[in-house]
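Enquirer: any chance you could fold what I've pasted below:
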Amino acid sequence: MSYIRDKILDKAARSWFNQDMSRELSILSQAKAEAVGDPATAGNDGGKNAADAPTFSPLYRQIKDRLMRALDSGEWQPGQLVPSENELAKRYGVSQGTVRKAIEALAAEHVLVRHQGKGTFVSSHHEERAQFRFLRLRRDAGGVPETESSILECRRLRPPVDVARELQMRSGESAVFIRRMLTVDAFPAVLDELWLPASLFRGLTHERLQQYKGPLYALFEAGFGTRMLKAREQLKAISCPADQAQRLGIEPGKPVLFVDRLSTTYQERPVEVRRGYYLTENHHYFNALV
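Expert: Presented below is the predicted three-dimensional model:
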């Protein structure tokens, strides 16, 4: 009896495994049909949405890419609860484990955030812990400094060639240029010069920036639907140019830390070039490699 029962259990386990594998193979077949435009298997659109088909990569990455496209389209807004793993598994026809791995990857990239006992939410720059992801200054004595932002300038103009190239802007397109001073522990410490594609930030004015009291990235997210997800930075010690030195209240040529940042949103689209001049007498630029 024991031998027969074990064999029945083995057969049931194999059946479950085969069913799960069949579902995942079905997803791959569907993706292939959409990619090549096979109207017999690609769905109601006859394969026209080939760009929406997942690429041939590990299945969890395909689900991660689909979730990214849903976020990019605005299906779930910053701060909003996303469907449960079970609901997403049914939606995409895969196992909960595959969905869980995709969500964990997005959480590691700060696209989603898990709250114990509440669920998974779209991350937002309005969250306190998110506000310091892109502000890396720390006190030499330890701790996060008190900061205050002051907008010095905001206008529309043609960007320099190198900025236009980094933002992948077409010839003749205008940009929004913002210059702001960041006071750190009551002393001017960071002069930022930002370049944004004007097409994404219609209605962004000096007055609106002055009236807003929160982080700039929170305003860009809530007011213009542009989320800063990642940033690539290059740091270099330079002699401060005369114009920036005057604004910082230092002698021209004094050493400063120059931080050149390119920020991107969904699908790695560049949306901000930011160049900062940092005074570091009492502070340092902090980064943790994990």
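
Enquirer: all strands in the stretch 151-290 of the chain, in order from the N-terminus.
Expert: Along the stretch 151-290 of the chain, counting by DSSP state E, counting those that start in this stretch, strands occupy 175-184, 187-197, 230-239, 255-264, 270-278, 283-285.

Enquirer: just give me the lowest mean pLDDT stretch among the ones you listed.
Expert: For these, mean pLDDT drops lowest on strand 283-285, to a mean of 90.

Enquirer: what's the spacing between stretch 99-112 and its chain's center?
Expert: How far stretch 99-112 lies from its chain's middle: 12 Å, per Cα atoms, centre = their mean, to the nearest Å.

Enquirer: could you list the alpha-carbon positions for it in CSV?
Expert: C-alpha atoms of stretch 99-112 as CSV (Å, rounded to 0.1, in the frame of the first residue of the first chain):
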residue,chain,number,x,y,z
VAL,A,99,5.8,37.0,-10.3
ARG,A,100,7.5,37.2,-6.9
LYS,A,101,10.9,37.2,-8.5
ALA,A,102,10.0,39.9,-10.9
ILE,A,103,8.6,42.1,-8.1
GLU,A,104,11.7,41.5,-6.0
ALA,A,105,13.8,42.7,-8.9
LEU,A,106,11.7,45.9,-9.3
ALA,A,107,11.9,46.5,-5.6
ALA,A,108,15.7,46.2,-5.7
GLU,A,109,15.6,48.9,-8.3
HIS,A,110,13.3,51.1,-6.1
VAL,A,111,10.5,51.0,-8.7
LEU,A,112,8.2,49.1,-6.3
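
Enquirer: mind checking the pLDDT average for that stretch?
Expert: Throughout stretch 99-112, pLDDT has a mean value of 91.

Enquirer: and that stretch, what's buried?
Expert: Residues Val99, Arg100, Lys101, Ala102, Ile103, Ala105, Leu106, Val111, Leu112 are the ones in stretch 99-112 that count as buried (16 or more other Cβ atoms under 10 Å). C-betas here are computed from N, CA, C, even on glycine.

Enquirer: surely the third one touches Tyr60?
Expert: Spelled out, that is Lys101. Yes: assessed by Cβ atoms under 8 Å, Lys101 is found in contact with Tyr60 at 4.0 Å.

Enquirer: ranges for the helices of the stretch 51-200 of the chain?
Expert: Taking DSSP state H, counting those that start in this stretch as the test, the helices found in the stretch 51-200 of the chain are 59-72, 85-92, 96-108, 161-166.

Enquirer: now for the second one, which elements pack on it?
Expert: By that I understand helix 85-92. Where contact means 3 or more Cβ pairs under 8 Å, 6 or more residues apart in numbering; DSSP states H and E, helix 85-92 is packed against helix 59-72, helix 96-108.

Enquirer: distance of the residue nearest the centre of the chain from Ser150?
Expert: Closest residue to the average C-alpha location of the chain: Leu229 at 1.4 Å, with Cα atoms, centre = their mean. Going from Leu229 to Ser150 by Cβ to Cβ, to the nearest Å gives 26 Å.

Enquirer: over to Phe258?
Expert: Counting by Cβ to Cβ, the gap from Phe258 to Ser150 is 20 Å.

Enquirer: just want to know which of those two has more residues nearby.
Expert: Between Phe258 and Ser150, Phe258 has the larger neighbour count (other Cβ atoms under 10 Å), namely 18 against 12.

Enquirer: the more buried one pairs with what?
Expert: For Phe258, the beta-bridge partners under DSSP bridges are Lys236, Tyr277.

Enquirer: OK, contacts around it?
Expert: Leu235, Lys236, Ala237, Ile238, Arg275, Gly276, Tyr277, Tyr278 (Cβ atoms under 8 Å, 6 or more residues apart in numbering).

Enquirer: tell me the mean pLDDT over stretch 138-151?
Expert: In this model, stretch 138-151 has a mean pLDDT of 89.

Enquirer: name the surrounding residues that touch it.
Expert: Contacts of stretch 138-151 (Cβ under 8 Å, 6+ apart): 132, 135, 137, 178-186, 206, 209-210, 216, 282-286.
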